[in-house]
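Engineer: Sharing a model prediction with you, sequence too.
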Amino acid sequence: MNPIPLAYQRTGKGQPLLLVHGFPLDHTFWEPILPHLTPHFDIILPDLRGFGNSPTTASGYNLEDLATDLNALLDHLELPAACLAGHSMGGYIALAFARRFKHRILGLGLLGTQAAPDTPERRQGRYATIEQIKAEGLKTVLGMAEKLSANPAHSPFFRDIIQRQNPAGVMGALQAIAERPDALPQFPGFSFPVAIVHGYEDSLVPVARAREMHAAQPAAILTELPGTGHSPPFEAPAATAAALLQLL
C-alpha cells in the first residue's frame, strides 16, 4: 500500500525524535512531556493515518503500512534517521518500523507497549469491537478513557481526544493491531539504544510485557514507574523524558 502524507507538528531543537501516539488518540497526547524534551530533541509529532488531522483511508492496512507512512514523513522532512518512540499502539508501529527501516533508527523508545501478539481471544475481541463501532460509533471505545491512566482525573482529557477521532480510522487501526506479529524475535538484533518505560498500574498491558522485552534485549534501559498506568508520557512526563534522554 502506498504511503499517505501525515499531518504533523514540529517543535524543539536537537536530535530528531519521532513520537508515535497510541490508540485511539492523536498527537495532542504528548503535550505534557514536550517541555521536558524540546530542549534536547527536534520533536516530530505526527497524527497517524485515520487519526487527528491526517487522511483516513479504507481499512485493510497493517502496521507495516503505518510504518511506511512514517518513513515517508522522514523523507519529506529530509531526515535520514531519527530516534523513534511509540506509546501503546505507537510502540507496535515503532517495532514494525524497525522491521522494515531499522537503518533509519537512532534510538527506540517503547512506552506502555509490548512485543507480544494478541491471543486468539483478544484478536476476536478487536474484530467484535470493529463491528460494534460500525453499528454504534465511537461510544463503543469511550470506556478506554478510564483505562488509559491510573489517575481518574485524566479521563475527561482522554475522552475528549477519543470523541474527535474518525470511526473509520479507529476501525482500521483495530484491524492492524489485531493482526500484528510477534515482535520479540527482533530484539536481539537491535544495535541502537532502547528505552522501555512501563507503569506498574497499567491495566491494559501488564508490566510483565516490558520485562519480556528487556529480557530479549538486556542492553535496553528498563524504567518501571510506580503509581503510573498505561500512559507514562502523560502520567509521569518527567520520568519518561529522563528515560528517553538516554537514547542520545
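Structural biologist: It's in. Numbers count the residues shown, from 1 in each chain.
Engineer: Please tell me how far the spatially most central residue of the chain sits from residue 233.
Structural biologist: Centroid-nearest residue in the chain: residue 90, 1.6 Å away (criterion: Cα atoms, centre = their mean). Using Cβ to Cβ, to the nearest Å, residue 90 is found at 10 Å from residue 233. Placement of C-beta: from N, CA and C, glycine included.
Engineer: joint contacts of those two?
Structural biologist: Contact criterion Cβ atoms under 8 Å, 6 or more residues apart in numbering; residues shared by residue 90 and residue 233: 19, 111.
Engineer: Residue 6 should be in a strand, yeah?
Structural biologist: No. According to DSSP: H, G, I helix; E, B strand; the rest coil, residue 6 belongs to no strand; its state is coil.
Engineer: Is there a neighbour count for it? I'd like the number.
Structural biologist: Using other Cβ atoms under 10 Å, residue 6 has 23 neighbouring residues.
Engineer: What of residue 30?
Structural biologist: Residue 30 has 23 nearby residues by other Cβ under 10 Å.
Engineer: Likewise for residue 63?
Structural biologist: 23.
Engineer: circling back to that earlier point, so for the residue nearest to the centre of the chain, what's the nearest residue that isn't a sequence neighbour?
Structural biologist: Distances taken as Cβ to Cβ, 6 or more residues apart in numbering place residue 20 nearest to residue 90, at 3.4 Å, with adjacent residues excluded.
Engineer: Could you tell me the per-residue confidence at the one you found?
Structural biologist: Residue 20 is assigned a predicted lDDT (pLDDT) of 99.
Engineer: Touching, it and residue 83? I think so.
Structural biologist: No. Contact between residue 20 and residue 83 fails when scored by Cβ atoms under 8 Å: they sit 11.2 Å apart.
Engineer: related to what we said a few turns ago, now for the residue nearest to residue 90, how many residues are close by?
Structural biologist: Residues near residue 20, counting by other Cβ under 10 Å: 28.
Engineer: Right, I'll leave it there.
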